[in-house]
Structure formats: structure tokens, C-alpha cells
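S.K.: sequence and predicted structure are below.
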Amino acid sequence: MAQQVTSRSFLERLAVLEDQVAQLRRTGWERDELPVYPTSLHAMPYEDDTAFITTWETVLSPRTGSLSLGLVFIGDFVGATNTGGAWQVLLNGADVVMSGTIAATFSYQFAAQVIDLTPYRNLTGLKLQIQVRRTTGATTGGKYGTGGAVAIAPRYARLL
């Protein structure tokens with residue numbers, strides 16, 4: 001025997017939708033996205049400096065206990081020479097909370113970590129900086145002519 005499904009009326013659907021919106025308001029969002037801004041005009045800025053240079057930064061008021069941060073980076077390729085580097089994430093202009101190396105492989109790499117913000121809860125403005133530097137590579141050619149470059153960009157930044 002064939003079954004027939006009756007559609008709900010507009011008012012029934014509206015009542016269900018209002019209930020769902022009210023439930024969302026009561027529970028709130030689980031996490032807040034944190035915008036991070038580039039310090040150059042490139043979408044994924046390549047830098048060839050041999051000293052750490054800030055490529056992304058933001059200022060936040062740490063009202064939560066932790067920050068989940070994900071990064072992506074890549075080395076450059078100049079002729080037959082790959083370029084590697086190092087990266088770090090600073091809080092408050094001096095505290096290194098994440099760091100690592102960028103392998104000279106010309107392939108994307110990813111890093112992610114949850115950063116504890118409780119030592120900074122009393123600050124009204126906490127500066128987050130993402131820095132990168134070139135450590136290996138050619139001596140000429142590359143993006144800026146000084147021998148290869150490395151790039152870094154945030155994939156996500158969420159206040160938990």
C-alpha cells in the first residue's frame with residue numbers, strides 16, 4: 001500500500017525554526033574565529049629574509065583560556081636548489097609559543113597547536129605574530145633575487 005506523506009504547514013515549520021534558533025541562542029557558539037591579518041600585500045607572502053620577519057599578526061583580548069592555531073608553509077625552488085626556513089609564533093612581542101622548521105622540499109607542510117592564553121588573561125591587547133625566515137637555499141634567483149624564499153599562512157585561528 002502506498003504511503004502518502006503530508007507536508008507541514010507554514011506555521012508548523014516556522015514554529016520548529018523558531019525553536020531551533022532559540023536553542024542556538026541558549027547554547028551559544030563553541031568557538032570564535034580570530035582574524036589574522038597579513039603584513040604584506042601577498043595572499044601567502046613569500047619572504048627571503050634571513051632574520052625573522054612578521055608576515056601575519058593580530059591583536060586580541062584573551063577572554064578565553066586557549067587559542068587553536070593552524071598554519072601552512074612551503075619552501076621555494078630555485079633551479080635545482082630547494083629553500084628551507086624556520087617559523088615561530090610570538091605572543092606579547094616576545095614569548096615564543098610555537099616554532100618549527102620549513103623543510104627544503106617545495107611541498108606544503110602543516111602545523112597546529114592549542115596555545116594556552118591563561119597567563120595573558122589580564123591584558124586588554126595581546127599581540128599575536130607569525131614570523132618566518134629563510135635558513136637554506138640558493139644565493140641568487142628566487143622570488144626576490146636573493147636566493148629562494150619561504151612562505152607561511154594561517155589556516156585557522158579559533159578562540160576556544
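M.R.: Good, I have the coordinates.
S.K.: packing partners for the lowest-mean-pLDDT helix or strand in the chain?
M.R.: Taking mean pLDDT, DSSP states H and E as the measure, the helix or strand of the chain with the lowest value is strand 46-47, at a mean of 74. The contact analysis (3 or more CB pairs under 8 Å, 6 or more residues apart in numbering; DSSP states H and E) places strand 46-47 against strand 126-134, strand 150-159. All C-beta spots, glycine's among them, are computed from the backbone N, C-alpha and C.
S.K.: following it, which helix or strand comes up?
M.R.: Sequence-wise, the next helix or strand downstream of strand 46-47 (DSSP states H and E) is strand 53-60.
S.K.: that following strand - which strands sit beside it in the sheet, and in what orientation?
M.R.: Sheet pairing for strand 53-60, assigned by DSSP bridges, gives strand 37-38 (antiparallel), strand 126-134 (antiparallel).
S.K.: winner for burial among the ones you listed?
M.R.: Comparing the strands paired with strand 53-60 by mean neighbour count (mean count of other CB atoms under 10 Å), strand 126-134 ranks first with a mean of 22.
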